[in-house]
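Undergrad: following is a predicted model, sequence given first.
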Amino acid sequence: MGASDRPVPRVGEAVRGDFPIFERATYLNSCSQGALSLRVRAAVDEWLAGWDENGADWEYWVGQNEAARSGFASLIHAPPEEVAVTTSVSQAVSAFVSALDFSGERNRIVISDYEFPTVGQIAHAQALRGAEVVRVGPQADGSIPPERFAAEVDERTALVCCTAISFRTGHRHDVAAIAGIAHASGALLLADSYQAVGAVELDVRSLGADVVTGGTVKYLLGAAGLGFMWLRGSLLRSLLPTQTGWFADEDIFAMSIADYSPHESARRFDSGTPPVPSLYPGTAGIEIISEVGVPAIEKHVLGLGGRLIDRLDEIGATVVTPHEPERRGPLVCVRSTDVVRLCAELAGTERIVTSQRDDALRISVHLYNVDEDVDRVVAALAARRDLLA
């Protein structure tokens, strides 16, 4: 097949009609919640219809759980048996750290200042089990280069946590380099990839991490309540979580209360009853992303992000996110003198949906955004130059 014969990826205008919110608003907030598609809405209706028709449809629900597992695995290029299906990253990370021993000399957890609160809070909770938490902060340009991790990681370190993309600033960590630092000291590397999966290509075969987490509520276009955790296969048998549930057992329907028999695969990090209402929209969203292809989506969002940054530079805005495509993802952050007011005015007056963290306005693009969305938000910001730092 020649290049001219290949199908054109369904991004931008080609897919926009599947997302009704664009009929009434400019949606630039996928870093908080992906826009609702007609296909995902239909999946929710399918769940309700099946419940109404069949009552307890457990055989099908379990099948949906396994479809989610396979979908997540395919996105990150992993075998399904290395992927746990969870209700959230919080549940995943809590189960994972419950399998680590912090009672000895190797009790240090190193986290970056750009971790999502759940990772930092779970790390600090391990102080109750003997852990010591060390934080790695950014340098003047806002980045956290690998050498900053190297200064804190040593033979006392059990776990290093580095988010793939910062939810605060849009910076992308060099996960592979940081993983190399962790492994050189005998530590494990956890990469929370919620702000990347579905918009940035992730390949666990080359990423370098030992554990990768994510979920459906953002760039995977699903609902809240469904996540995943990949664990390197060679680690699984050495990790026995004490936070568990009946769906993590080697035989779910044995219904035994006589022992603890975790499944041999990553399913040992599953928990209780699957999040059935979230499985339907979650698997539908994953299918949309898989059909388009993450590389095509990444190319699209990086192009839009570049256009956005260039135009923000033209109006003299302070862009917190790196300009270089390889150092960012789908999220661009702009410093504001009153970000709460700015975010509210964009939403109320302009019908432009964004979000804010700290003193920065967050503008995030996805497969359904187009150049006009970028131009519209920049024009609105130029008209409110007094609210930009």
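TA: It's in. Residues are numbered from 1 along each chain as shown.

Undergrad: how near is Arg89 to Ala224?
TA: To be clear, residue 89 is Val; Arg isn't right here. To Ala224, Val89 is 11 Å away according to C-beta to C-beta, to the nearest Å. Where you see a C-beta, it was placed from the backbone N, CA and C, and this is true even at glycine.

Undergrad: should've said Asp373
TA: 24 Å.

Undergrad: the two: who's more crowded?
TA: Per other C-beta atoms under 10 Å, whichever of Asp373 and Ala224 has more neighbours is Asp373, with 22 against 17.

Undergrad: can you pull out the helices in the stretch 151-300 of the chain?
TA: Taking DSSP state H, counting those that start in this stretch as the test, the helices found in the stretch 151-300 of the chain are 175-184, 204-207, 276-292, 294-314.

Undergrad: highest mean neighbour count out of the ones you listed?
TA: Comparing the helices of the stretch 151-300 of the chain by mean neighbour count (mean count of other C-beta atoms under 10 Å), helix 276-292 ranks first with a mean of 22.

Undergrad: list the contacts of that helix.
TA: Here helix 276-292 makes contact (C-beta atoms under 8 Å, 6 or more residues apart in numbering) with 9-11, 15, 34, 37, 39-44, 46-47, 61, 64-65, 67-68, 71-72, 74-75, 87, 198, 216, 219-226, 297, 367.

Undergrad: can you flag the buried ones in these?
TA: Buried by 16 or more other C-beta atoms under 10 Å: 9-11, 15, 34, 37, 40, 43-44, 47, 61, 64-65, 67-68, 71-72, 75, 87, 198, 216, 219-226, 297, 367, out of the contacts of helix 276-292.

Undergrad: tell me, please, where in the stretch 101-250 of the chain the pLDDT is lower than the cut-off.
TA: Within the stretch 101-250 of the chain, not a single segment meets pLDDT under 70.

Undergrad: again, only this time at 90
TA: Flagging of the stretch 101-250 of the chain using pLDDT under 90 yields the residue ranges 237.

Undergrad: and the chain, what are its domain boundaries?
TA: For the chain, automatic domain parsing gives the domain ranges 8-36+293-387, 48-289.

Undergrad: output the helices of the stretch 151-300 of the chain as a markdown table; include the columns distance to Leu100.
TA: Below are the helices of the stretch 151-300 of the chain laid out as a markdown table (distance: least, C-beta to C-beta, whole Å):
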| stretch | distance to Leu100 |
| --- | --- |
| helix 175-184 | 13 |
| helix 204-207 | 20 |
| helix 276-292 | 27 |
| helix 294-314 | 30 |
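
Undergrad: mind checking those for the one nearest to Ile122?
TA: helix 175-184 (17.5 Å; C-beta to C-beta).

Undergrad: against which helices or strands is the closest one packed?
TA: helix 146-150, strand 157-161, strand 188-192, helix 204-207 (3 or more C-beta pairs under 8 Å, 6 or more residues apart in numbering; DSSP states H and E).

Undergrad: ranges for the strands of the protein?
TA: Under the criterion DSSP state E, strands of the chain are mapped to 26-27, 83-86, 108-112, 132-136, 157-161, 188-192, 211-215, 227-231, 331-335, 352-353, 355-357, 360-364.

Undergrad: columns distance to Leu308 on top of those, output as TSV?
TA: Formatted as TSV, the strands of the chain follow (distance: least, C-beta to C-beta, whole Å):
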stretch	distance to Leu308
strand 26-27	12
strand 83-86	33
strand 108-112	25
strand 132-136	28
strand 157-161	29
strand 188-192	24
strand 211-215	24
strand 227-231	28
strand 331-335	5
strand 352-353	13
strand 355-357	15
strand 360-364	6
